[in-house]
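[1] Fold the following, please.
(one chain, ligands or ions: 1)
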Amino acid sequence: MHKPLLRIPYTDILPSPTTIPSSATTLPGALAALHNFFRSPAPKGLPPSTVVLSGAGLSVASGLADYRGDKGTYRVNKTYRPIYYHEFLSSHEARKRYWARSFLGWSSLHNAKPNSGHHAVRDLGELGLVSSVVTQNVDSFHPRAHPDLPTLELHGYLRATVCTSCWNEYPRDTFQDELARLNPVWAAFLKEVVASGALATEDPDEKRAKGIRMNPDGDVELPEAPYTTFRYPACPHCLAHPPTLADGSRGLVEVDHEGAWSHSNTAGILKPAVVMFGESISHKVKQTAEEAVDNAGRMLVLATSLATYSAWRLAKRAKDRGMPIAIVNLRGVRGEDTFFANMDPQQTGAEGVRVEMSTENLLPTLVDELRRTQTPGTNALPGPAVSLKQSNGAVFKDMLS
Ligand SMILES: [Zn+2]
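    Numbering: from 1, shown residues only. The predicted model follows:
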């Protein structure tokens, strides 16, 4: 079966958007439009709930870089090229480099927290207005900010590693301890960097000034670093029970006396539990994402340019189902005219909204506004949305466990 692979997205700057409705260029105008978006009845035959589709821009206020913003990875670092899945699988050297950078980047990501944008999504869930979230982000800020609102992490999550032979998952935290134990010089260096405050600051400029450049997928760039000395462990399960390979032979999984990977190994490679470029999204995740769209009557797109096809096609699916779409994103979104085609030019938000504002300020204000106008006793969605939450909850939980 042909499986579409995650590709490096379109990295050029997209054209500036047209604000919809035209009154939504000011904060009161944007709030009124989004208020209408949420409070108007869903189109005939569609459920009353809203699915959120979010991207990297939502985590910028948590100190992470996005891709296309003013300080985004594609603008600041023109030569940025993430690692490909096949490279990671086939090259011990590539894995050393990846894990060294990830080792330094982890503490920063680990200490970062969800921001007011994520908490506003939680509040929209509590108001009964949002029923589920599909995110492209791998930082797990959504499930941390709203554990009771189902979240599907479309591109996986950095909070775990996964074995590419037995598919067991392990917490990234304990993996970090293992990396520190196997690489004492790097661990000492990391301590120094932490002490310098370069990782503690949430200001990307300050981070950069202190010699650290962090990418959205949690790795850090250090020019001239001796990556080749870096050591990493093998999958503990495969080490104890070497797996059978595709050709029927027994895989080789060995470590040195301290527990570091042996270069002759043929199985037991641990990778971050994210979908790497050149890797395909699992059928189950794709299906669950489509269900999240199909079980909603509207889509709220937050802080993403939808440059990645796996996310863009979900918005297209929403449009094809006749769902009103609201997009809140600074700068352009890939092919966004498609999502606002055939709309009544006089509509005031019920059919679609396009706002060019940052989520961390707009969304909390929107929540206040929606709370103020909430009719008492209507904060729960009628039947279908509640059962969606229950039925999907198990699927989401299953995927996150
Ligand atoms: Zn394994």
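
[2] Need the nearest residue in space to residue 238, chain neighbours excluded.
    The shortest distance from residue 238 to any non-neighbouring residue, by CB to CB, 6 or more residues apart in numbering, is to residue 268 (3.3 Å). The way it works is simple: take the backbone N, C-alpha and C, and place the C-beta from them, glycine included.

[3] count of residues packed around the one you found?
    A count of nearby residues for residue 268, using other CB atoms under 10 Å, gives 27.

[4] That one contacts residue 235, correct?
    Yes. The pair residue 268 and residue 235 passes the contact test of CB atoms under 8 Å, sitting 4.0 Å apart.

[5] overlap in contacts of these two?
    Common contacts of residue 268 and residue 235, defined by CB atoms under 8 Å, 6 or more residues apart in numbering, comprise 163, 165, 166, 253.

[6] Once you drop chain neighbours, what's closest to residue 142?
    That would be residue 151: by CB to CB, 6+ apart, it lies 4.3 Å from residue 142.

[7] before we move on, back to that, dump the residue contacts of the residue nearest to residue 238.
    Residue 268 neighbours (CB under 8 Å, 6+ apart): 163, 165, 166, 234, 235, 237, 238, 239, 242, 243, 251, 253.

[8] Can you give me the neighbour number for the residue in the stretch 1-150 of the chain positioned nearest to the ion?
    Proximity of the stretch 1-150 of the chain to the ion (CB to the ion) peaks at residue 89, 13.4 Å away. If you count neighbours by other CB under 10 Å, residue 89 ends up with 15.

[9] can you tell me which helix or strand it belongs to?
    Using DSSP states H and E, the element containing residue 89 is helix 85-90.

[10] What distance do you get for the residue most central in space within the chain to residue 275?
    By CA atoms, centre = their mean, the chain has its centre lying nearest to residue 137, at 0.7 Å. Separation of residue 137 from residue 275 (CB to CB, to the nearest Å): 12 Å.

[11] shared neighbours of these two, anything?
    Joint contacts of residue 137 and residue 275 (CB under 8 Å, 6+ apart) are residue 155.

[12] Tell me how far the closest residue to residue 100 other than its chain neighbours lies from residue 96.
    Of all residues not flanking residue 100 in the chain, residue 230 sits nearest, at 4.0 Å (CB to CB, 6+ apart). As judged by CB to CB, residue 230 and residue 96 stand 4 Å apart.

[13] Looking at those two, which is more packed in?
    Counted by other CB under 10 Å, residue 230 and residue 96 do not tie: residue 230 has more neighbours, with 22 against 19.

[14] Wait, that one touches residue 98, no?
    No. Applying CB under 8 Å, one finds residue 230 not in contact with residue 98, separated by 9.1 Å.

[15] and residue 286, how many neighbours?
    Other residues lying near residue 286 total 18 when counted by other CB under 10 Å.

[16] Correction: the previous question concerned residue 361.
    14.

[17] follow-up on the earlier one: what helices or strands is whichever helix or strand comes after the helix holding residue 89 leaning on?
    Going down the chain from helix 85-90, the next helix or strand is helix 92-111, by DSSP H and E. With contacts defined as 3 or more CB pairs under 8 Å, 6 or more residues apart in numbering; DSSP states H and E, helix 92-111 has these neighbours: helix 85-90, helix 172-182, helix 184-196, strand 213-214, strand 220-221.
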